[in-house]
Every structure is written in C-alpha cells, then in structure tokens.
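# Structure for the following, please:
(one chain, ligands or ions: 1)
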Amino acid sequence: MKEGNIIEPLVEVKGLTIEFPVRSGLLRAVNEADFVIPKGKITALVGESGSGKSTMASAIMRAITVPGLVSGGSITFDGRDVMSLGKKELQAYKWEQVSMVFQAAQNALNPVVRIKEQIMETFLAHARSKPYTEKQMTERARNLLDYVRLDPDRVLNSFPHELSGGMKQRVMIAFSLLLDPKLVILDEPTTALDVITQAYIFDILKKIHKEMNITMLLLTHDIGVVAKTADRVGVMYAGNVVEAGDVFDMFKRPKHPYTAKLMKAVPSLYEDVSERKGIPGSPPDLLDMPPGCPFHPRCDYAHDKCRKHNPIKVYTPAGHEVACHLYPNPESVAEVRTS
Ligand SMILES: Nc1ncnc2c1ncn2[C@@H]1O[C@H](COP(=O)(O)OP(=O)(O)OP(=O)(O)O)[C@@H](O)[C@H]1O
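Numbers count the residues shown, from 1 in each chain. The predicted structure is shown next:
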C-alpha cells in the first residue's frame, strides 16, 4: 500500500475491549483497539509477549471463551457485524470465512487418529454452505497437502507421531485452507521449529497467499519475518494498536518510539542476533496501568502530556496510523516522514 493507495478492508476492528477476570482484578487484554486487515494482503501484528495479539485475533475468529468477555467495540468482516452472528451463521463464519492456525497448532492433532480421518471430520463439522462428497473431500485434501509440499499418500495414512514438527505444521496449514476461507490467521506459525523449516514454511505461506489470493493475518515476534512476508504491519502495546502502516514505511521511518525500539530489539530468523538490543524496562502490568500513554515509562521522548493523557490515534490518507503525542495530527506524521 503505497502513498495514495486506498485500503479496502476485509476486517475492521473498532474500539475493541476484551477483559478476563483474574484473581487480582479485571485484566484488560485488549483496550479500545482499532485495527484494519486489508483485503488481499498479508498483515502482520507484532508486539511483545502479552500485548494482546492472540486475544484480538481470537476475537476476530469469535473464539474468546468464558470467562473472557468482549466488553466493548465492534468487529466487521466483509461488511458483516461479527459480534452479532447467530449460532448457524457463526458455524458458517468459522472455517468458511476465517480460519486460524493457533500457536503450537500441531499439538492439536489427535494422536490416535489418522490424518485422513481428521481431515474428513473437519470437513463434516464445518462445511455448511456447500455439501462435499467423500470423493470431493479426499480430492481437496490431497490437493492441499500437495500444495504445502507434502506427499498426500503418505500423510493421509499417517498418525501424527509419524510426521515431523514441520510436516505437522504444514498439515495444520492445509487444514486451515480446507473450506477456502477469505482470511487465514496464523499465530506464531513456526514457533518450536528449526530455522530452515521456519523459512520453508514462510515460503509456502507466501505462495498460498499469492496463488490462492487469501488474506492473511500473521501474529509474530519476529520482525525479520515481517519484513520478508508482510505488506502491512500493526504494532500492539499493552492491548492497543499504537501504530500501523505499509511495511516499507514502517521499517524505513517508524513513527512511534515503541515501534522504533521494537524494530531494533527483536531477534530474527533472518538476521544477525548479535546486532539486536533489548528494549529497556518491561511492558506495564495490565492490572495496574500507568496514567497517560502506557509506553511513557519506557519512552525516551516522554514529556508531561504523555504522563497525563493517552494519545489519540491520527490517520494519514496513505493509511499510516499512530497514537503518540509526537504526532498531534495527520500532517505531523507526514512532516516527520519527509524530514
Ligand atoms: N484466558 C485468559 N485468562 C486470563 N488472562 C488471559 C487469558 N488469555 C490471555 N490473557 C492475558 O491477556 C494478555 C494478552 O495475552 P495475549 O496472549 O493476547 O498476548 P500476545 O501478545 O498474543 O502474547 P504472546 O505473543 O506471548 O502470545 C496477557 O496478559 C495474558 O496473560
């Protein structure tokens, strides 16, 4: 999304708040967050552990479970209000509109059931808008396994323990594509895999995105992966999306001081780890948030206003958005871009 391009949203999150009751109070995992996932792009969501990435993604999938509560805001998917979907609509929404590969998803495979039966079960449980014959289901499964560079004959007849971690993760990616969803959410899709397998899986994901024209949301800690894979990136801090924009812009001239530090801090699959510096301090306690901007205790630019008032997000016409007192209006974002 270069300057002047208009973003066509597939998903629009507005003012989303998600809370979990915990022993010491009510924990706000997502705090009035706004976020857009553009159609036909790969969007990455980055941020330190606990910043709310998985919680926001689960809400998009309508997968927040009790006692978690969406206590405010809205989520729109292709123009439809996700929060008000009824039971039947929800069954058709999950898998057919949006699917999710959860963190360490390969562990979700049933160890005592062959992959073929697990795939059939998924089809039968989730195919709502169109019935499939067994022949069609097997054909689709074979094509997708082949697509993720697995041998369909071998994999369909295997039990999960007969496959490596990387193979199981590719099976889970094939699962997520079974019902041809518009959006696939991938939560740390390569955690616990070796570096070569990780790079291989990202290659496959890029191919799927390009050839099947599937919109993707990638949750990751790995900034190098973001640079190589994503078109757009959102940065989460303490439950909020503090900056989002075109990946090239964000890397070249990050606006939010947190984004700038994050870009330098996080070790990557693709870069020399010795070059990386951690971000001093730690994210705030979500049960005891500081007043003002949640990042101010760690920010080199913090001034009085930052300690008192949470900044309001500003949006540039080119689709860059940032919540920081350094940028009081869209023009100020543009000014810094060209200085
Ligand atoms: N079911 C739950 N019950 C209580 N607290 C929860 C629950 N799920 C998430 N949280 C809390 O919400 C906050 C955000 O967690 P979340 O998993 O969304 O962050 P994340 O950015 O995805 O982190 P990671 O990168 O480590 O997965 C954390 O403080 C977490 O402990």
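# Can you list the buried residues in the lengthiest helix in the chain?
Ranked by number of residues, the top helix in the chain under DSSP state H is helix 195-212. The neighbour-count check on helix 195-212 (16 or more other C-beta atoms under 10 Å) flags 197-198, 200-202, 204-205, 208-209 as buried. Quick note: C-beta positions are derived from backbone N, CA and C, even for glycine.
# Mind putting those residues into a markdown table with pLDDT and distance to the ligand?
Listed next are the buried residues of helix 195-212 as a markdown table, based on pLDDT from 0 to 100; distance: C-beta to the nearest ligand atom, whole Å:
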| residue | pLDDT | distance to the ligand |
| --- | --- | --- |
| 197 | 81 | 20 |
| 198 | 82 | 16 |
| 200 | 84 | 22 |
| 201 | 85 | 18 |
| 202 | 87 | 18 |
| 204 | 88 | 22 |
| 205 | 89 | 18 |
| 208 | 89 | 23 |
| 209 | 89 | 22 |
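# In those, find the pair that's most separated.
197 and 209 (18.8 Å; C-beta to C-beta).
# in the protein, what secondary structure element scores lowest on mean pLDDT?
Least confident helix or strand of the chain, by mean pLDDT, DSSP states H and E, is helix 330-338 with a mean of 66.
# Remind me what the longest helix of the chain packs against, helices and strands.
Using 3 or more C-beta pairs under 8 Å, 6 or more residues apart in numbering; DSSP states H and E, the elements in contact with helix 195-212 are strand 42-46, helix 134-147, helix 165-177, strand 215-220, helix 223-229.
# weakest of these by average pLDDT?
Per-stretch mean pLDDT for those is lowest at helix 223-229 (a mean of 86).
# How about it and the ligand, touching?
No - on the criterion C-beta under 6 Å from any ligand atom, helix 223-229 is out of touch with the ligand, staying 13.3 Å away.
# and the helix or strand that that helix is followed by, which strands flank it?
Next along the chain after helix 223-229, taking DSSP states H and E as the criterion, comes strand 232-237. Its sheet considered, strand 232-237 pairs with strand 42-46 (parallel), strand 240-246 (antiparallel) by DSSP bridges.
# for strand 232-237, what is the average pLDDT?
Computed over strand 232-237, the mean pLDDT rounds to 96.
# Could you list the residues in contact with that strand?
Residues outside strand 232-237 that contact it (C-beta atoms under 8 Å, 6 or more residues apart in numbering): 1, 33, 35, 38, 41-48, 51-53, 56, 226, 241-247, 250, 256, 258-259, 262, 283, 294-295, 319.
# circling back: can you redo the helices and strands packed on helix 195-212 as a markdown table with mean neighbour count?
What follows is the helices and strands packed on helix 195-212, written out as a markdown table (neighbours: other C-beta atoms under 10 Å):
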| stretch | mean neighbour count |
| --- | --- |
| strand 42-46 | 25 |
| helix 134-147 | 16 |
| helix 165-177 | 23 |
| strand 215-220 | 25 |
| helix 223-229 | 21 |
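# distance between the strand or helix carrying residue 18 and the chain's centre?
Following DSSP H and E, one finds residue 18 within strand 9-22. Strand 9-22 sits 13 Å away from the centroid of its parent chain (C-alpha atoms, centre = their mean, to the nearest Å).
# outside of that strand, which residues touch it?
Under C-beta under 8 Å, 6+ apart, the answer for strand 9-22 is 26-40, 52, 55-56, 59-60, 64, 67-78, 182-183, 215, 217, 287.
# Which of these fall in strands?
Residues of these located in strands (DSSP state E): 26-38, 69-77, 183, 215, 217.
# Go back to those residues and keep what's next to the ligand.
Okay, of the ones in strands among the contacts of strand 9-22 touching the ligand (C-beta under 6 Å from any ligand atom), that's 27, 29.
# Any of the ones in strands among the contacts of strand 9-22 buried? List them.
If we count by 16+ other C-beta under 10 Å, the ones in strands among the contacts of strand 9-22 have these buried: 27-38, 70, 73, 75-77, 183, 215, 217.
# What residues does the protein have near the ligand?
Within reach of the ligand by C-beta under 6 Å from any ligand atom, the chain has these residues: 20, 22, 27, 29, 47, 49-55, 68, 286.
# And the buried ones among those, selectable in ChimeraX?
Isolation of the buried members of these (16+ other C-beta under 10 Å) is achieved in ChimeraX through the command below:
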select :27,29,47,50,51,52,53,54,55,68,286
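# Looking at the residues of the chain next to the ligand, which is nearest residue 154?
When these are compared against residue 154 (criterion: C-beta to C-beta), the nearest one is residue 54, at 32.2 Å.
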